[in-house]
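Novice: Fold the following and give me the result.
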Amino acid sequence: MRDTHITDEIVDEAEDLAPASDSLDGTTVDGAETAEGGEDRLGDLERDLTFERDKYLRLAAEFDNFRKRMMKERIEAEARGQAELVRQMLDPLDDIARFAHVDPVVTESGTIVEGVAMVERKLEKSLRSAGLETVNPVGQKFDPSLHEAVATQPTDDPALDHTVAQVYQVGYTFKGQMLRPARVVVRQLQ
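Specialist: Coordinates of the predicted model:
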């Protein structure tokens with residue numbers, strides 16, 4: 001409303017200064033023609049606004065679809081990685097199943113122990129190839145980011161201070177990520 005009032009004032013001043021037959025663009029300065037020109041301009045602006053709004057909504061929808069697609073692909077990639085790990089563990093699992101169904105009366109205990117050790121090596125090999133690493137730090141310096149001290153053992157040798165004397169439970173890292181710290185006994189100078 002306010003802009004219309006100002007526009008009307010400018011038109012009135014222009015009419016007072018110039019005769020009705022004079023014009024700036026070859027048309028007479030008339031209130032009706034000026035209003036039509038303003039309506040045309042307003043219509044153009046509304047079309048531009050509608051176009052830009054539609055463009056924005058399409059862009060927002062595209063981004064939302066992209067985000068959903070990326071989440072889906074990430075979940076699928078994670079599932080493929082887990083499936084590959086499980087696939088690598090199928091052979092050791094089959095071996096364990098064979099040992100679970102042997103007749104203890106006919107089979108010697110040494111053979112069972114040897115078979116279980118073989119399955120353990122096979123399982124460790126499969127997990128190592130997938131990226132699992134053992135943390136077994138006997139004789140190494142104690143590192144709180146990799147080890148968890150569960151006890152201390154006294155020592156008189158300064159060179160052995162803060163070294164791992166014994167491992168209660170080995171730790172594991174998977175592709176650089178700590179899964180479980182090694183639980184250790186740490187030597188401490190008396």
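
Novice: contacts, neighbours, all on C-alpha from now
Specialist: Fine.

Novice: check contacts around the closest residue to Asn136 other than its chain neighbours.
Specialist: Residue nearest to Asn136 in three dimensions, not counting chain neighbours: Val170, with 5.3 Å by CA to CA, 6 or more residues apart in numbering. Residues in contact with Val170 (CA atoms under 8 Å, 6 or more residues apart in numbering) are 134-136, 181-183.

Novice: Restricted to strands, list those.
Specialist: Counting by DSSP state E, the contacts of Val170 place 134-135, 182-183 in strands.

Novice: Select from the residues you listed the one having the most neighbours.
Specialist: Comparing these by number of neighbours (other CA atoms under 10 Å), Ala182 comes first, having 25 neighbours.

Novice: for it, what are its contacts?
Specialist: So Ala182 contacts 135-137, 146-148, 167-172 (CA under 8 Å, 6+ apart).

Novice: who's it bridged to?
Specialist: For Ala182, the beta-bridge partners under DSSP bridges are His147.

Novice: From Met89, how far out is His101?
Specialist: Remark: distance between His101 and Met89 (CA to CA, to the nearest Å) = 19 Å.

Novice: Who has more neighbours out of those two?
Specialist: Of the pair His101 and Met89, Met89 is the one with more neighbours under other CA under 10 Å, namely 17 against 8.

Novice: what's the helix or strand for Thr111?
Specialist: Applying DSSP states H and E as the criterion places Thr111 in helix 109-130.

Novice: Which of the ones in strands among the contacts of Val170 lies at the shortest distance from Thr107?
Specialist: Using CA to CA, Thr134 is the member of those that lies nearest Thr107, at 32.4 Å.

Novice: who touches the closest one in this structure?
Specialist: 170-173.
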